[in-house]
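In: Predicted structure and sequence below. I'll ask about it afterward.
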Amino acid sequence: MTLLAQFERDRGRLRAIAFRITGSADDADDALQIAWEKAAAAVGGTNADPTDIREPSAWLTTVVSRTCLDLLRGHRRRGEVALDAIADRPGEDPTPEDAAIRLDEVGRALLVVQQQLSPAQRVAFVLHDMFALSFDEIGSITGRSPAAAKKLASRARGRIAPPAETDTADVDLVRAYLQASRDGNIERLLRILAPDVIRTADPAVLPSGMPTRTEGADEVAEQTRLFAARARLSAVVLVDDRPAVVVAPHGRPTIVMRFTVSGNMIAAIDVNDAAGIPATSFKLA
């Protein structure tokens, strides 16, 4: 298969890699454009592949990943945060390439927590843990030895992974709450919420006129149902090692909901602006 034909075959996977690393649809497009230009230059504008590119798919992955690394480093120097998730653009039907990188809950959580990683750590973590590249390949991409590349991924995992003592039952309960919120499933919410549950909220994150304190499962469930659109832009994470829901349009945290669990039911929900929470407080759940 020719290099340019391989590019077209791999386009969805390459864009998925670029988006997961950079968190930006625009940066993903830029990385693919650069890879296409380099591929075209490598074959001299023809379909005859150069003999030194023996594994076109691996070559393209390397080009895209190195480009993403350069983009991340450039953003960091300029103090930019590049997050622009295709999945958050309402009213648009995704192309096949877009579908490969649409944000599921796990992807959205990753974009939130990856902000605390260095560019090289992000590349190593994404390529190894999400796309199963070897540390030999990652070392070549990042300009490090395989051992150093393994250490990058390990350090990244250590910074964003949940602590060993995380109560998975509490996390599962919060996940059930989020799914019921997305579905507007009042019956399910009432099975999850304690009868005397209390929900408090910062006025800044509520529509005008909505009460900042709501008591009782019926009232909280009904209020939760009104925010189904927000729930679809949310993910379950840990905030200060406690299960939480983060509302993250474009992968950027805007609202954090922290939960108190008692007797296998949600006893309290505290809703706050995410601006005051350090990036290092977020971990994967």
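Out: Thanks, I have the structure now.
In: Would you mind giving the domain segments of the chain?
Out: 3-160, 168-284 (automatic domain parsing).
In: What segments of the stretch 101-250 of the chain are helices?
Out: Per DSSP state H, counting those that start in this stretch, the stretch 101-250 of the chain carries helices over the ranges 105-113, 119-125, 135-142, 146-160, 168-183, 186-192, 217-225, 228-231.
In: just checking, what packs against the last one?
Out: Right, helix 228-231. Here helix 228-231 touches helix 168-183, strand 242-247, going by 3 or more Cβ pairs under 8 Å, 6 or more residues apart in numbering; DSSP states H and E. Every C-beta, even on glycine, is put in place using the N, C-alpha and C of the backbone.
In: what does the last one contact?
Out: Right, the one you point to is strand 242-247. Applying Cβ atoms under 8 Å, 6 or more residues apart in numbering, the external contacts of strand 242-247 come out as 109, 112, 167, 170-171, 173-174, 177-178, 230-231, 233-239, 253-259, 261, 274, 282, 285.
In: Could you report the distance from the spatially closest residue to Asp136 that is not a sequence neighbour to Ala161?
Out: Closest residue in space to Asp136, ignoring its immediate chain neighbours: Pro146 at 4.9 Å, by Cβ to Cβ, 6 or more residues apart in numbering. In this structure, Pro146 and Ala161 are separated by 21 Å, where distance is defined by Cβ to Cβ, to the nearest Å.
In: and if you look at Ser57?
Out: Per Cβ to Cβ, Ser57 is found 29 Å from Ala161.
In: Report the helix or strand with the lowest average pLDDT across this protein.
Out: Evaluated with mean pLDDT, DSSP states H and E, the helix-and-strand set of the chain has its lowest mean pLDDT in helix 96-99, which scores a mean of 45.
In: Quick check on Ile277: phi, psi?
Out: The main-chain torsion angles of Ile277 are listed as degrees, to the nearest 10 and equal phi -110, psi 120.
In: With respect to burial, which of the helices and strands packed on helix 228-231 scores highest?
Out: Ranked by mean neighbour count, the helices and strands packed on helix 228-231 are led by strand 242-247 with a mean of 25 (mean count of other Cβ atoms under 10 Å).
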